[in-house]
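Engineer: The following comprises the amino acid sequence and a computationally predicted model.
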Amino acid sequence: METELETKLAMRQRPQSEDFKSPNEAAGARRPSAPLIRTPFAATVGADARDRKPSRPHIHTAVTAGFVAHMTPPETPMSPSPDLEASLAPPQSLFHNYLRAMHPFDPSADSMPGDDASQSAVAIRPGDLILVHCIHANGWADGTVLNTGNRGWLPTNYCEGYDHPYLRNLLNAMTQFWDLLGANEDANLSTFVRQDYIRGLIAGVRYLLERADCLHRDASSVKNHVGVRRMRKGLLADLSSLVQIAKRLQDTISEPFAGEVIHVLLDDLICKAFKVVTRAVSFTDVWSQEVRPARLEMNRLLVPQGLTTPPVESPGLAIDTSLFPKPGVTPIDSAVHFPDHARTDSTDDVAPGADNEAENGEERKPRLSKIFAPPDGLAAHRVSMVAKDSPRAISGPLASEQLAKVHDICISHIGAFIGHHLHSRPSSELVATTERLVKACRNMLAIVDEVYAHDHQGSRAVQQAKSDFEVKLEELAKSTKDVFRFSDSPDDDVVMMPDQTNHLINVGTSLIRNTGECVVRTRQLIEQIGDFELKTSALASSRTGHEIPERGDSLAQNDHQDGDSKAGKRVSTTHRLSKTMIPPPPPIPDDTPSSTDSAVASAETTGSGQATPTAETSEKPLPPPPPPRRRSVKRASHQSSNHVESLKSPRSFRSSSTSPARKDSVGMSIAGSTDTCYSSTRDSSVTAVSQASTRATTPDQPKDSASSDPALMNSFASISSLKSGVTDDSLDAEQLLQKTYAHELTFNKEGQVAGGSLPALVEQLTTHDSAPDPQFVTAFFLTFRKFCEPREFAQTLIHRFDYIGDSRTVGTPARLRIYNVFKGWLETYWSADADKDALGEIRFFALHKLKQVLPAAGERLAELTKKVTEGYANGTITGPLVSGVGKTSLSFSSDDASMPEPIITVKQLNALRVATGGGAQVSILDFEPMEIARQITLLVVKAYCEIRPEELLSMDWGKPNTKKAKNVRKMCLLNTDLAHLVSDTILQPEDAKKRAKVIKQWVKIGTACLELCNYDSVMAIMCQLNSSPVQRLKKTWDLVNKKTIAELQEIDKVADMSRNYNTLRRLLESPTAPCLPFLGVYLTDLTFVIAGNPKRRELPGVLTETGETVSVINFDMYSRIAKIISHLQKFQVPYKLKLVPEMQTWMDQHLKRMREGHDEMVSTFHRRSLTLEPKPEDRKHSIFRLDGDDRPKTAASRQEASPMDRFDFFHKSSSLLNMRSQSTLNIAASDASEQKRASAQ
Amino acid sequence: MSRSGYQREYHIAVLGSGGVGKSCLTMQFVQGVFVERYDPTIEDSYRKHIDVDGRHVVLEIMDTAGTEQFSTDMYMRLGQGFLLVFSITSASSLRELIDLREQIVRTKNDPTFPIVLVGNKSDLEEDRAVSRAKAFQLSQSWGNIPYYETSARRATNINEVFIDVCRQIIRKDLARARPEEGGGGHTRRRRRRRRAGGGGGRHEDEGGSRCVIL
């Protein structure tokens, strides 16, 4: 048999591709004259096309649901793939999230008016900081210019990658902030209920100032350097207005009318964030010019200082100021790299910029060459973000998008394939469908291949997924071929066996899974290596020269085809289509703009390069890509009110809402739904404001003097008092610079803390501006002992108390929260054993620190520590002073009226008394099942309510003599004892009839437990009714009536542990306490959360100065643990049932008896079972029993099928997608059972 | 039974006393790559698709980790293959398997039921308390079942044990299918065709054997 099998396997593995090389031939030869065999099911539905349709999307959604989030539905425009440059470029270079413009670039100056390129490209001025979303291989980057808030294409060779060790945290925070806003674009605004998202920015600024030695107003570098001082002031002012907006947002978001206002605020918020970052960059520039040399060469301290003129006047990096020429300005603000007259030149013309480029050409060259050169195609790191934002602004097929697209196609083809089998259709169609499917899959593989090839390390996961996928595809092709194997004549009907159909469906289904797996892995890889443009899909409209791309040469694409003509056609169509949608990004200007001539020339080339393809690919001018919507914070202000600094708008806007007139304008802007209307309204308000109120300062440097401007101060103050009425000095920017660890905190997509260092987590616990998230607090308190010593926690809290200071706005609220945390800890979460060490710390803190600052609080805390200490002294302390979280909800009202009367007679009670006293024994049959169930429930719930969180956290319940998890252990034992009692009682009577009765009784008790939602006991009872000693009692089961069997099936459904206790979990999703969940589920979950998640995680994007990643506590895991424990605690509620002491004692006695024989019980039962009903001789019979399915239950409702079939069905059904295929299967199953019966005879 | 070849979802129970690293073993197999977020509470947490000798199968791993003290009858009943896991650093963990194995044999009423003996924590060679020879000897006495030493931490031999037990299940399926293949398959096939109203009864023999492979 073995050899035969091998031959067959070999047959299977032989490549079967011939069929698909000449599919038309094959289809033609086998053109069937009649439709395929129809399963009865399909016949009833009909093979009508209209009926068929719905099934496909159904499958699609069901299977791809997990990936939907990654899909990028809109057609992505393609652009030429710059082979030449790609080959010249270094294979892989660091992707910079930020660029800094080195030379001016103005698209409107270069190209004809109305040219679309001028609208999709964005103007940059030297010194501008750009947040990069992706970089095209030809050198154009899609970026947002932080200084103006505009988004569009810009030439990267005009820029330089920007990174500064001091600024890294801030830039990182900015990137995350942007991504967060991107993620929250649509619905989920919950993030903004708190101000967590802004802390990263604050921390970043602080980090910068700290590093620069400018943290304090009185620091020498601040005092001695005018420029630094001013920039610092400006930076803090910006930061404080950012915080103001965040606060406003927080206030607004909870209000009912929030809606549109929030979007306005979000715009302001991001504007401000941009502003903060640009200001920070300016600060760094000034600092490095003024202070660093001074620090390096202390002797020449005076030199740089003497040279500087007041930087207030510097138009430097204040955004639009370059529009106003300032004669006599010294560019102290521009970094070392920036030549003076790049600043003083106020026009946006290319030529002047090129002038100074010429001067600095040689110096810059080397830098430029190393900036970045994405290997080929677009490069973007943050795939998820790009997927969301890019369709608007990007015009290149990113690998990720391309992947999503082919995946879509693939899935729909597989869907069609499966659909085919669900509705039996002619086999010719099958051939065509399969063919299409294989092609689609190969297309996808081609893309995956390319991504794979792109990665130099070579990802094993991708390779694995890919080969899995290939294998599956092969199998599918082969199986399909098998269908035709037995029809040798061309006009023969191809007969599809239902099992063939099922098999094909199965293969198809798993192919979908493999596809998904493959895509997910590939996507991960893309995330790792950065997104890029694909060669395959753009399919190589190769460039003929450096600057001017050859477009529209779709013929050239064929060179790059893999010979798969159909796929090629599809792709090329897409290509053409996309081309007509958006013009490709303009070609890159001259690589090294070293002379005026070349720069101008390149600009001209740009113009012509843009014009040419447009003319070629379509007759009429194409619409430019829609401007990036809200994120871009597009401004129309440049022309209309060019004396107003555009970035002023957020603040003006904010202050505007203080006056009623402004409110109207807000209303207007809300009403205006289009972008234009929106921005113009806003612009007008900007103008109005600048004219009316706040402009006492010079228009070009308002931020720098913001905090010193009394008018402005007032307006800030009025706002803050308007909002909270508590803080009026909240504007003091210095206070924002409280020491913080926010940069060591990371959030997940839902805005919850995913990880952080202990100080960062503690900070999160004691935020000064908003009450901490209760879920976070609970999770922290439940689990903190798993990641730090209690003493360490206390010390960190005290440390926080020290560094936060005593300012009224920040220090005091934070300190009060610290006090509250201590109080909560002692009162609610104190663990007598574990936390003992920390008590001394807390006491000292209460008496010597807290009391000085907040006397009442100090007093109270000292008192609490005293109480706890006393507790230790007299040994009364066992837990927290006040009962824990879950227990606070307990209602101990013994309201007898609402409790049901026990269903028990006096006679029964007496019998119980006699039995427990050692007299005549009573049987389980003597009592009402419901009452037994109630008493069992009372017994179990008592144990359940005693379980403490720390027991679960100890993970110690597996040890027989555990001290740490006594109650968990007790509960587990109770469950097993009950289970054993079930078997014990069933296996007691000699008479089969009586045994059947006991089974019936237990089934009834089980049903009653189900009614009481006592799932723990349901599991125990079912476990034993299904155990082999009971199950093998065939004679007994024959005597159990049908009604009982039906009931048993019902319970069995609940107790089904397959699919990860799916049924049980569902039941507990909508809990109706009182309820007793099955403890085992929690224990398994806890075990696997701990086994499956790392204890620490790396902070995304954060590197130490030595370039190492920073690892912090993986709080995500601890929140998961806390979630499981909270879920368990939710049910720690007593039942409103009356205790029957007699029955409790009686049950106790029996359970104890079980406990005593615990270890031997299983084998005892087996022996007893064998004695009662000896093994049948018939070996064949026992084969069926092997599967444990020789009983009248399990896979419920299929009583007519023989055991084997039920067995099969059970396993099959779960892997199938929908009911249709199940019914097909069902037929197969019953067929098979008929056949087997026949063969048995 | 031709259809048994199509049964591609298998329940594999992972048994063994607490602390032998069952959960890590299962995690390593199901998860493979280490992720930052793993949620064990969802339906598919313990499912894995693998190919065994070119056959695609879905494995549902039923791991007793965390619930060792509960009755194992449920696992015994549902399991179609078993991994009996002990830690090479603990002799008692091996002893406890003897009972479990006996229970399996009893429950399934079959001394040749698919089982693999797994000595986990092979990376802790210095703490070894169970010699390879001893474990192997035990596996021999249990009907010559395969014995593997694994390291969940270093991910060695993890897939192998699952694939091995899976292979045993498949072999068993085929063996069980064989005796009934002859007459039964044909009857069924014929009826199927009749119902279809389709072509004659050609290639029946070929068809029969093909079904077995698939």
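Structural biologist: All right, it came through fine. Numbering: from 1, shown residues only, chains lettered A, B, ... in the order given.
Engineer: can you tell me the residue of chain B closest to chain A?
Structural biologist: residue B:18 (3.0 Å; CB to the nearest CB). Yep, even glycine has a C-beta here, placed from its N, CA and C like the rest.
Engineer: and that residue, what is it in contact with?
Structural biologist: Residue B:18 is in contact with A:958-959, B:65, B:68-69, counting by CB atoms under 8 Å, 6 or more residues apart in numbering or on different chains.
Engineer: do that again at 10 Å, thanks
Structural biologist: Contact analysis of residue B:18 by CB atoms under 10 Å, 6 or more residues apart in numbering or on different chains lists A:955-960, A:1087, B:64-69, B:93, B:96.
Engineer: how about it, secondary structure?
Structural biologist: Using DSSP: H, G, I helix; E, B strand; the rest coil, the structure places residue B:18 in coil.
Engineer: Give me the pLDDT for it.
Structural biologist: If you check residue B:18, the pLDDT there is 86.
Engineer: ok, back up a step: by neighbour count, which of the contacts of residue B:18 wins?
Structural biologist: Counting neighbours by other CB atoms under 10 Å in any protein chain shown, the top entry in those is residue A:957, with 28 neighbours.
Engineer: what's the neighbour count on residue B:155?
Structural biologist: 15.
Engineer: Next up, phi/psi of it, please.
Structural biologist: Backbone torsions for residue B:155, taken as degrees, to the nearest 10, come to phi 60, psi 40.
Engineer: Spatially, which residue comes closest to it, not counting chain neighbours?
Structural biologist: residue B:28 (5.5 Å; CB to CB, 6 or more residues apart in numbering or on different chains).
Engineer: Also residue A:1013?
Structural biologist: Nearest to residue A:1013 is residue A:1075, by CB to CB, 6+ apart, at 4.0 Å.
Engineer: need the contact list for that neighbour.
Structural biologist: Going by CB under 10 Å, 6+ apart, the list of residues near residue A:1075 reads A:941, A:944, A:1012-1016, A:1067-1068, A:1130-1131, A:1133, A:1135.
Engineer: where exactly do the helices run in the stretch 851-1000 of chain A?
Structural biologist: For the stretch 851-1000 of chain A, helices defined by DSSP state H, counting those that start in this stretch occupy the ranges A:851-853, A:855-873, A:885-888, A:906-916, A:929-945, A:949-954, A:966-986, A:992-1011.
Engineer: Just put those helices in JSON lines and tack on distance to chain B and mean pLDDT.
Structural biologist: As requested, those are exported to JSON lines (distance: least, CB to the nearest CB, whole Å; pLDDT from 0 to 100):
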{"stretch": "helix A:851-853", "distance to chain B": "40", "mean pLDDT": "87"}
{"stretch": "helix A:855-873", "distance to chain B": "32", "mean pLDDT": "88"}
{"stretch": "helix A:885-888", "distance to chain B": "19", "mean pLDDT": "42"}
{"stretch": "helix A:906-916", "distance to chain B": "26", "mean pLDDT": "90"}
{"stretch": "helix A:929-945", "distance to chain B": "14", "mean pLDDT": "93"}
{"stretch": "helix A:949-954", "distance to chain B": "10", "mean pLDDT": "87"}
{"stretch": "helix A:966-986", "distance to chain B": "5", "mean pLDDT": "92"}
{"stretch": "helix A:992-1011", "distance to chain B": "14", "mean pLDDT": "94"}
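Engineer: any idea how far residue B:43 is from residue A:1124?
Structural biologist: Residue A:1124 sits 16 Å away from residue B:43, going by CB to CB, to the nearest Å.
Engineer: Tell me, how many residues neighbour the residue nearest to residue B:155?
Structural biologist: For residue B:28, using other CB under 10 Å, the count is 23.
Engineer: Just to be sure, it is in a strand?
Structural biologist: No. Counting by three-state DSSP, residue B:28 is not part of a strand but helix.
Engineer: wait, it sits on residue B:63?
Structural biologist: No. In this structure residue B:28 lies outside contact range of residue B:63 using CB atoms under 10 Å: 11.6 Å.
Engineer: Find residues that contact each of the two.
Structural biologist: Going by CB under 10 Å, 6+ apart, residues that sit against residue B:28 and also against residue B:63 are residue A:1091.
Engineer: And residue A:1124 and residue B:43? Which one has more around it.
Structural biologist: Comparing residue A:1124 with residue B:43 by other CB under 10 Å, the one with more neighbours is residue A:1124, at 21 against 13.
Engineer: In three-state terms, how would the more buried one be classified?
Structural biologist: helix.
Engineer: nearest residue to it other than its sequence neighbours?
Structural biologist: residue A:1085 (5.1 Å).
Engineer: tell me, how many neighbours does that neighbour end up with?
Structural biologist: Neighbour number of residue A:1085 under other CB under 10 Å is 25.
Engineer: Same question for the one 5 residues further on.
Structural biologist: For residue A:1090, the number of neighbouring residues by other CB under 10 Å comes to 22.
Engineer: With residue A:1008 instead?
Structural biologist: Residues within reach of residue A:1008, counting by other CB under 10 Å, total 21.
Engineer: tell me the contacts of it?
Structural biologist: Counted by CB under 10 Å, 6+ apart, residue A:1008 has contacts A:928-934, A:936-937, A:1014, A:1017-1018.
Engineer: Quick check: the farthest pair among the residues you listed?
Structural biologist: A:928 and A:1018 (17.9 Å; CB to CB).
Engineer: More neighbours: those two, which one.
Structural biologist: Ranked by neighbour count (other CB under 10 Å), residue A:928 and residue A:1018 place residue A:1018 first, with 25 against 16.
Engineer: quick one: contacts for the residue nearest to the more buried one when sequence neighbours are not counted?
Structural biologist: Once flanking residues are discounted, residue A:1018 sits nearest to residue A:1009: 4.9 Å by CB to CB, 6+ apart. By CB under 10 Å, 6+ apart, the residues touching residue A:1009 are A:929-930, A:932-934, A:936-937, A:940, A:978, A:1015-1022, A:1051, A:1054, A:1076.
Engineer: Try it again at 7 Å.
Structural biologist: Residue A:1009 makes contacts with A:933, A:936-937, A:1017-1018, A:1021, as judged by CB atoms under 7 Å, 6 or more residues apart in numbering or on different chains.
Engineer: would a markdown table of those with distance to residue B:143 be doable?
Structural biologist: Shown next, in a markdown table, are the contacts of residue A:1009 (distance: CB to CB, whole Å):
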| residue | distance to residue B:143 |
| --- | --- |
| A:933 | 43 |
| A:936 | 41 |
| A:937 | 44 |
| A:1017 | 37 |
| A:1018 | 36 |
| A:1021 | 33 |
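Engineer: and the two most separated of these?
Structural biologist: A:937 and A:1021 (12.1 Å).
Engineer: higher neighbour count, the two?
Structural biologist: More crowded of residue A:937 and residue A:1021, by other CB under 10 Å: residue A:1021, with 27 against 22.
Engineer: which ones are touching that one?
Structural biologist: Counting by CB under 7 Å, 6+ apart, the residues that residue A:1021 touches are A:982, A:1002, A:1005-1006, A:1009.
Engineer: what pLDDT does residue 2 get?
Structural biologist: Using chain A here. 42.
Engineer: that's the wrong chain, I wanted chain B
Structural biologist: pLDDT at residue B:2 comes out at 39.
Engineer: and the residue of chain A found nearest chain B, what are its phi and psi?
Structural biologist: Ranking the residues of chain A by distance to chain B (CB to the nearest CB) places residue A:958 first, at 3.0 Å. Dihedral angles phi and psi of residue A:958 (degrees, to the nearest 10) take the values phi -70, psi -20.
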